[in-house]
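> Have a look; sequence and predicted model below, questions after that.
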Protein chains: 6
Amino acid sequence: MTDPEPVPAVTESAEAIAAMEIRGAATIAAEAAEALAAQAEAVDADSPAAFRASMRAAARTLHRTRPTAVSLPNALRYVLQRMEGHDVEALRRNVVRAAETFVDQLDGARADLGRVGANRLADGDTVMTHCHSTDALACIEAAVDQGKSISAIVKETRPRNQGHITAERLRDIDVPVTLVVDSAARRALDEVDHVLVGADSIAADGGVINKIGTSGLAVNARERGVPIMTAAQTIKLHPETLTGHTVEIEMRDESEVIDDDVRESIGDVAVENPAFDVTPPRYMDAIVTEHGQFPPESIVTLMRELFGEGAAVPWAEP
Amino acid sequence: MTDPEPVPAVTESAEAIAAMEIRGAATIAAEAAEALAAQAEAVDADSPAAFRASMRAAARTLHRTRPTAVSLPNALRYVLQRMEGHDVEALRRNVVRAAETFVDQLDGARADLGRVGANRLADGDTVMTHCHSTDALACIEAAVDQGKSISAIVKETRPRNQGHITAERLRDIDVPVTLVVDSAARRALDEVDHVLVGADSIAADGGVINKIGTSGLAVNARERGVPIMTAAQTIKLHPETLTGHTVEIEMRDESEVIDDDVRESIGDVAVENPAFDVTPPRYMDAIVTEHGQFPPESIVTLMRELFGEGAAVPWAEP
Amino acid sequence: MTDPEPVPAVTESAEAIAAMEIRGAATIAAEAAEALAAQAEAVDADSPAAFRASMRAAARTLHRTRPTAVSLPNALRYVLQRMEGHDVEALRRNVVRAAETFVDQLDGARADLGRVGANRLADGDTVMTHCHSTDALACIEAAVDQGKSISAIVKETRPRNQGHITAERLRDIDVPVTLVVDSAARRALDEVDHVLVGADSIAADGGVINKIGTSGLAVNARERGVPIMTAAQTIKLHPETLTGHTVEIEMRDESEVIDDDVRESIGDVAVENPAFDVTPPRYMDAIVTEHGQFPPESIVTLMRELFGEGAAVPWAEP
Amino acid sequence: MTDPEPVPAVTESAEAIAAMEIRGAATIAAEAAEALAAQAEAVDADSPAAFRASMRAAARTLHRTRPTAVSLPNALRYVLQRMEGHDVEALRRNVVRAAETFVDQLDGARADLGRVGANRLADGDTVMTHCHSTDALACIEAAVDQGKSISAIVKETRPRNQGHITAERLRDIDVPVTLVVDSAARRALDEVDHVLVGADSIAADGGVINKIGTSGLAVNARERGVPIMTAAQTIKLHPETLTGHTVEIEMRDESEVIDDDVRESIGDVAVENPAFDVTPPRYMDAIVTEHGQFPPESIVTLMRELFGEGAAVPWAEP
Amino acid sequence: MTDPEPVPAVTESAEAIAAMEIRGAATIAAEAAEALAAQAEAVDADSPAAFRASMRAAARTLHRTRPTAVSLPNALRYVLQRMEGHDVEALRRNVVRAAETFVDQLDGARADLGRVGANRLADGDTVMTHCHSTDALACIEAAVDQGKSISAIVKETRPRNQGHITAERLRDIDVPVTLVVDSAARRALDEVDHVLVGADSIAADGGVINKIGTSGLAVNARERGVPIMTAAQTIKLHPETLTGHTVEIEMRDESEVIDDDVRESIGDVAVENPAFDVTPPRYMDAIVTEHGQFPPESIVTLMRELFGEGAAVPWAEP
Amino acid sequence: MTDPEPVPAVTESAEAIAAMEIRGAATIAAEAAEALAAQAEAVDADSPAAFRASMRAAARTLHRTRPTAVSLPNALRYVLQRMEGHDVEALRRNVVRAAETFVDQLDGARADLGRVGANRLADGDTVMTHCHSTDALACIEAAVDQGKSISAIVKETRPRNQGHITAERLRDIDVPVTLVVDSAARRALDEVDHVLVGADSIAADGGVINKIGTSGLAVNARERGVPIMTAAQTIKLHPETLTGHTVEIEMRDESEVIDDDVRESIGDVAVENPAFDVTPPRYMDAIVTEHGQFPPESIVTLMRELFGEGAAVPWAEP
């Protein structure tokens, strides 16, 4: 059975997400929620069942664009779980309202999370960052807003050097920045008061999936006696992991690691370029969300509050 | 008091070393020993005291070129400690002979060390490397010569990507190579049987000074349960550390870390580029030398055999 | 005051449990629930109070048979907590329904748990097992059902060699098995991707009570960098531990450890034969249940969901 | 805007708390709750809004006396969160009732907690204590009441030697006591079965804030293989930490550390005298409360049950 | 070229060793030394070169019998390294004398080692043993001779249950013994003051090769805070490991692990039965020899004193 | 057989040492050596044997005064091992010369050791000290002499508060000092670059016997990532430990821990007051001596250089 064609707004959103024109966990989630609202408003359904089916189909269209992104299904899940009502109008109204609420919460979440993370930092702290994370950045911004003096040691984060973006953003808010290669982390940790990273997604067993290098950094931070926290909005919590699923690690193109000249000179050498790794909960001191901070071993409780036991997929065909 | 002018061969060697035309611990050491022999052969001294003074002056000239390199003073030390005799001719003869012996031993040392390191590897092992070290490479080469099948995971080793050289050398001897960014090390360690690194120098407290990133790698190797060894000829042993001196870490230019474009866009951001770090002995399983293998905590005994208690500097003015 | 005599079905169940004709946590729990249903259906009570008293008495009879088994009181607790109603018929109906629900859930729980555990395993994994656990086995079975290729290293598990049973069961589903003595675990861990054990019971502080040797294995798994999980249905969660009670470790007969010949030759030597030990939560990566996976430090939340604060014993005399 | 003047009973309570005539977390909390009840009973309010404002003002007056004590705001929070009703009388009644309930629960909490902690101790155990904690003492008392034979090694706990009080209290209940200096802890741990401490407050990230020296003791207990637990009523849970706030450590006067003679002889030497330190959750085996025991990593769930997400401060001006 | 036929005494010794009629590291070593003396006394050589060749051939004959035993080549090495002299008679005399000295030292070594190990034990200690080691036993015997009261917890040591022998020997000297299965070790360690094991051989990197299970026990002893020592005469030191060689682990027959009945019932299941494992030096507190005690990381110094740099094999053909 | 009466100078020295008028490891050692010289000079012996017997008797007299001090027998051992010669005059001369050499070396040793320790410290370092050690102090003094800026955090070191002396001495050389109670160490370690302690004695297994509290501090320093070194002249190396002997820990009077008032109020409470504890080598980064620095695991090599295998007691009756 083929899915009914979604309304054009959904198709366009799906295409933009697939083409990575729309990027970033929160931006994707908002786009998906709004696309569902657009579908609800535009769809012509002659029964509650037909409305529901069209919504699920739209959700599936959106989901297929980035099957491993976690914020996207979380947005779909949030909206569809609130698709209640006895007639089409009620359903339509509730979907639109749920999408609005979701987007509103998303707007507030980064700021809320930032304040929680900032509260863990002290005036005068030097913070080490890895990769570029708007959630992690929000914590430093909020700390600066609280009047705290913060310095940063920024790892460049090969292969894509997102540390350069972080360095620029921090410099823009007058945080003194020292840039180092990733390998210099352990040595630099002697000058660091707090390590602060973001997350790609977070698993029910407390594992933090984040940019490749995070787990090695966390092990070194523990060894050097430096606390480390993850800043992650709850759209990063991965419901499927509640039932034991592990998060598949994306393997990216070798061209991020070596350019054509090196490729030629180096000859028959394989290149492996994993995008992420998994930091076990025992090496992470806290996960900071818009709902407060949690030891990684307790994030499962927040996940169960938000998602139940995680097995239901509300966009599945019945 | 100014030093007497050394003979031209010494001056030329000194210049070549200073200009880094002559590079690599063993090459520098051989050049220095041979320069001392040249000095001994060419110098016109009318008394044993004058001969000795001219030799010490030549040694000082050579030493000044790379004051933090450890193989250079070790070469000078080896030759000057054997400068014995009651007349100028005997002194000359002994210096020349000592220089020859030193160079001969150097030639054999890398191969001897390679066999010792190779004996620690098993057929079928996957070895992870960091940076480019001819001593570490010698171990893999010897293992291949022993008929063992070895694979390698090569860290690129930012900022100068010496891992590319290692990858090429290993490919040249038909060792299958996978290149990874430095941050991918912890994840890749699950597939690794042995980590193998070189050393810039080795301290009497068992600390291994090596390319930045080694200590973080060693901590992760221990955490992942993977053994790690350092391959280092004894010219890397640092006599001054016997008396508690620590090895100064060279800070290198930021241009190795960021290019001009990044420099411009990133604005007022400091870059710190340490060349080396120190791995504590408790994270290193063995140091492999041409005199056999040693737990890092025992390398001090070998140093005392070679250098005594380390305080004497035979090229010092009396 | 003596308890009223329970109906014959209860007495028979109690005898069968006491005689260990009925064994295994789930089987005992189902038997106990069904015995309570039988009591509810057969008892002749002239008032709600009398009905309740007879049910509690039946529960006590059943409880006495294996006072340290945890699934038995959990079954009794589940059924009696649902003994509600204003007249005898309503009470009877609710007890019977609760028993049915409990048994139904039990039937599904092993399969649900198996899928959760299987999700943690990857295609190609080698799993190490200790003792024989149907819950642990369910995870491997489900992984095989998911099409994953799994191999096993099976510890024989002295003194009763339940590893032989596990080996047979795994061979029956075409999982390649290597049997080792318990002492060979640390060496064999180099080839293992996941350690998988069951549980005798689980405490609110996250401690896993399981077959003697589990805690030593867990410590070694952590040291070797190998993840370890416990598969345990929620009937293994120990409500009394919520109030700090520790689980008493059963000491078994020496005849399991030495036979008569050794006994005679060995003379005046004591034999200590503890059935279980306690693995602290910090050495266990996850507890897998039919309600999903949990870090051991969070299992207390699930226990509180299921049992409240754990102090109430619904079969106690009022 | 100035706060309305609270009734005299509140002012008197506030003064007594500020002057430290009323001390101890539970005593302060009870006093504060009763002061609120007194305010509710005595205040003359002509509208629900006026009543509420007067109650919040009274709470602020009380809160200001010891801004860093955690049990005081917890008492205020408990009572004010139950200030519900549509008219002044209903509000008054509910406040008074909430205060009574709070005080009643407080009375029972220490005994309940004591039993939970006692359940973790075994007959014959030797317990090591740090500082003087009525909650920790309650555990030993309850264990003795359960008929267990307990011995104690009591750290003197510089600078104020509260260990002397603990020693006396334990001797009063016939527990054999050995007093040691704080530095003797690691050596004495070889004879210890359980370390038992109290808490000044407990953070949402599982950190235990307690008398200076606790964290060093906990690290040593882990290193020596000895379990350690914290006994803390839930009035010690710190709601502000749910939003990432850290607990400020009080720095006390140097006169507790050195007397005048030493001050004179020692000259220009600074003295630092922190009252507390923070023990990370990974070094603590359990937190024992009147609601049962929790791994420190799970205490956040109990905090969320009791306080929600922690941001609301019910005595804040609207 | 074939070796010259050794004298009959050598052939007989070789056969007895090969047939395992002569067993135990010290017994084999003594037999080999005496066989060389017999060869020296009986051989008819017309030149020093012929004498030397015949001695080397005899040594090769003996060496071939048990190529992985370490005490055998150590005996040969000791004697042949002392084969000095300018004529056959001097050579003969020196060989015989060396063999006598070696055997004499061997006789004293076990007692000397026992006293050293005993000095590490305290009156009242409980010692845990693994497998059966005469060297380890010598330490307990010497401690008892010193008047110390010692108890023992003896691991049975599957698959061959050598713990039964240890239990008998200890009972014979009135040491109270408790026998446990290997898996019970971690639990029993709470009652243990010292773990005491022997060694099959000891490597230059400080690794202790001993009965399978030793390394897992050592890891657990460290985790439980219990010191552990290895008792090993210097004939157990493995000269080849000075040059990086690893010690090959013998894989033994499956019949030690399962009997025929199990074999039949268990079907197509592999059995892996390694005889030894390797304990890294970081988990061993001391190695006790007849020359005193050494941290494992320093045993290389003793090896270099005894064997030089280890490369020379004095029975090799020139 | 009674010892011959030593000369008055020996008797007086012995009395002064016994009465603790002469204190401190180096002072006692010098006194003992000089007393032996005095004996040699004054004794009237008619044969080498008589001379030797009188010297041994004098040594025994001195040794008996403080049987657990390690520097005293080391002084006796040094002198008596050099008592060589064929006639009384030669013996006398050699004893006197040995005593002089010993005292000369002692004078230089503290300064030499200080320089070695100072070399491990960096300009700007904050050093934490425990107890009062002239050897540790020598390192800081030498660092200050080298022009380094050093700050100190000084633990008071209960029960005898020797930290007050350290604080005064450091203040005298213008080192800024912060005094803390012992329990504040872990918290203060965040500001510390190096922990520096002395030693009462050092064992062949690398264990450092030092003031009670050192081992707990060392464990915390490792956990916090702070390096720690021991400063100890070689007269602190304990020859008897080469043969496995452990160092007996002195138990001191309770009056150091509690005064009479506390004694009275506290009632029937035992006080345990051990003077020292043992820090395992794995928690100590280096031992600094006048012969250079050593990893603790290698100090046994230095001990064997100085004392041989440690069994000989040159003052024993033949």
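Yes, it's here.
> show me where the stretch 151-300 of chain A has strands.
Assigned by DSSP state E, counting those that start in this stretch, the strands in the stretch 151-300 of chain A fall at A:151-155, A:177-180, A:194-197, A:201-202, A:208-211, A:228-231, A:270-271, A:276-279, A:286-289, A:292-294.
> These into a markdown table, with extra columns for mean neighbour count?
Every residue, glycine included, has its C-beta placed from N, CA and C. Putting the strands of the stretch 151-300 of chain A into a markdown table (neighbours: other Cβ atoms under 10 Å in any protein chain shown) gives the following:
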| stretch | mean neighbour count |
| --- | --- |
| strand A:151-155 | 25 |
| strand A:177-180 | 22 |
| strand A:194-197 | 26 |
| strand A:201-202 | 28 |
| strand A:208-211 | 27 |
| strand A:228-231 | 28 |
| strand A:270-271 | 18 |
| strand A:276-279 | 24 |
| strand A:286-289 | 28 |
| strand A:292-294 | 28 |
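> need the contact list for A:R187.
Listed by Cβ atoms under 8 Å, 6 or more residues apart in numbering or on different chains, the contact partners of A:R187 are B:212, B:215, B:249, B:274, B:277.
> What about those, which one has the most neighbours?
Within the contacts of A:R187, B:I212 tops the neighbour count with 30 neighbours, counted by other Cβ atoms under 10 Å in any protein chain shown.
> just checking, that residue touches A:D182?
No - here B:I212 lies out of contact with A:D182, judged by Cβ atoms under 8 Å, at a distance of 9.7 Å.
> Of the contacts of A:R187, which fall within the contact range of chain A?
B:212, B:215, B:249, B:274, B:277 (Cβ under 8 Å from any Cβ of the partner chain).
> if I look at the first one, how far off is B:A59?
Meaning B:I212. 30 Å (Cβ to Cβ, to the nearest Å).
> Same question for the second one.
B:S215 sits 33 Å away from B:A59, taking Cβ to Cβ as the criterion.
> same check, this time on A:D87
Distance of A:D87 to B:A59, given as Cβ to Cβ: 97 Å.
> Looking at those two, which one has more neighbours?
Comparing A:D87 with B:A59 by neighbour count (other Cβ under 10 Å), the higher total belongs to B:A59, at 29 against 11.
> Show me chain A divided up by domain.
A:8-111, A:119-306 (automatic domain parsing).
> deepest of those domains, which one?
Of all the domains of chain A, domain A:119-306 carries the top mean neighbour count, a mean of 22, counting by mean count of other Cβ atoms under 10 Å in any protein chain shown.
> Redo the strands of the stretch 151-300 of chain A as CSV? Include distance to chain D and mean pLDDT.
Converted to CSV, the strands of the stretch 151-300 of chain A look like this (distance: least, Cβ to the nearest Cβ, whole Å; pLDDT from 0 to 100):
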stretch, distance to chain D, mean pLDDT
strand A:151-155, 19, 98
strand A:177-180, 23, 98
strand A:194-197, 11, 98
strand A:201-202, 15, 96
strand A:208-211, 15, 97
strand A:228-231, 9, 98
strand A:270-271, 37, 98
strand A:276-279, 15, 97
strand A:286-289, 5, 98
strand A:292-294, 4, 98
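> Kindly reformat those strands as TSV and extend each row with distance to chain B.
What follows is those, written out as TSV (distance: least, Cβ to the nearest Cβ, whole Å):
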stretch	distance to chain B
strand A:151-155	8
strand A:177-180	5
strand A:194-197	12
strand A:201-202	16
strand A:208-211	8
strand A:228-231	14
strand A:270-271	4
strand A:276-279	4
strand A:286-289	20
strand A:292-294	24
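> E:V10: which of those strands is closest?
E:V10 lies closest to strand A:270-271 among the strands of the stretch 151-300 of chain A, at 55.5 Å (Cβ to Cβ).
> what's the closest one packed up against?
Contacts defined by 3 or more Cβ pairs under 8 Å, 6 or more residues apart in numbering or on different chains; DSSP states H and E place strand A:270-271 against strand B:177-180.
> Identify the neighbouring strands of the strand it packs on in the sheet and state each direction.
Next to strand B:177-180 in the sheet, as set by DSSP bridges, lie strand A:270-271 (parallel), strand B:151-155 (parallel).
> With adjacent residues omitted, what lies nearest to the residue of the stretch 101-250 of chain A found nearest chain E?
Here the stretch 101-250 of chain A gets closest to chain E at one residue, A:E223, 14.9 Å apart by Cβ to the nearest Cβ. Nearest residue to A:E223, sequence neighbours excluded (Cβ to Cβ, 6 or more residues apart in numbering or on different chains): B:V219, at 5.0 Å.
> thought that neighbour was touching A:N220?
Yes - counting by Cβ under 8 Å, B:V219 touches A:N220, with 5.5 Å between them.
> closest point of the stretch 101-250 of chain A to chain C, which residue?
Closest contact between the stretch 101-250 of chain A and chain C, by Cβ to the nearest Cβ, is at A:G244 (3.4 Å).
> Surely that residue and C:D112 touch.
No - judged on Cβ under 8 Å, A:G244 makes no contact with C:D112 at a distance of 10.3 Å.
> so who does whichever residue of the stretch 1-150 of chain A sits closest to chain F touch?
The nearest approach of the stretch 1-150 of chain A to chain F comes at A:A122, 11.2 Å away (Cβ to the nearest Cβ). For A:A122, the contact set (Cβ under 8 Å, 6+ apart) comprises A:148, A:193, D:246.
> do A:S149 as well
A:123-124.
> pLDDT score assigned to the residue in chain A positioned nearest to chain D?
Nearest residue of chain A to chain D (Cβ to the nearest Cβ) works out as A:N119 at 3.4 Å. pLDDT, A:N119: 97.
> Can you classify it by secondary structure?
Using DSSP: H, G, I helix; E, B strand; the rest coil, the secondary structure recorded for A:N119 is helix.
> now do the one 5 residues further on
Of the three states, A:G124 takes coil according to three-state DSSP.
> just checking, A:E317 touches A:R52?
No - with contact defined as Cβ under 8 Å, A:E317 does not reach A:R52; the gap is 10.8 Å.
> Which helix or strand contains A:A53?
Under the criterion of DSSP states H and E, A:A53 resides in helix A:48-65.
> average pLDDT for that helix?
For helix A:48-65, the mean confidence score works out to 94.
> Establish whether stretch A:65-79 and chain C are in contact.
No - on the criterion Cβ under 8 Å from any Cβ, stretch A:65-79 is out of touch with chain C, staying 15.5 Å away.
> I'd like the distance between A:D260 and chain E.
With the distance defined as Cβ to the nearest Cβ, to the nearest Å, A:D260 ends up 40 Å from chain E.
> Correction: the previous question concerned A:M251.
Counting by Cβ to the nearest Cβ - A:M251 and chain E are separated by 33 Å.
> CA atoms only: put stretch A:285-303 into PDB for me.
C-alpha atoms of stretch A:285-303 as PDB (Å, rounded to 0.1, in the frame of the first residue of the first chain):
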ATOM      1  CA  ASP A 285      29.100  13.900  35.300                       C
ATOM      2  CA  ALA A 286      25.800  15.400  34.300                       C
ATOM      3  CA  ILE A 287      23.400  15.800  31.400                       C
ATOM      4  CA  VAL A 288      22.000  19.300  31.300                       C
ATOM      5  CA  THR A 289      18.500  19.700  29.700                       C
ATOM      6  CA  GLU A 290      15.800  22.300  29.600                       C
ATOM      7  CA  HIS A 291      14.100  20.200  32.400                       C
ATOM      8  CA  GLY A 292      17.100  20.500  34.700                       C
ATOM      9  CA  GLN A 293      20.300  18.400  35.100                       C
ATOM     10  CA  PHE A 294      20.500  14.600  35.500                       C
ATOM     11  CA  PRO A 295      23.200  12.100  36.200                       C
ATOM     12  CA  PRO A 296      23.500  10.100  32.900                       C
ATOM     13  CA  GLU A 297      22.300   7.000  34.800                       C
ATOM     14  CA  SER A 298      19.000   8.800  35.500                       C
ATOM     15  CA  ILE A 299      18.200  10.200  32.100                       C
ATOM     16  CA  VAL A 300      16.100   7.000  31.500                       C
ATOM     17  CA  THR A 301      13.500   8.300  34.000                       C
ATOM     18  CA  LEU A 302      13.100  11.500  32.100                       C
ATOM     19  CA  MET A 303      12.900   9.500  28.900                       C
END
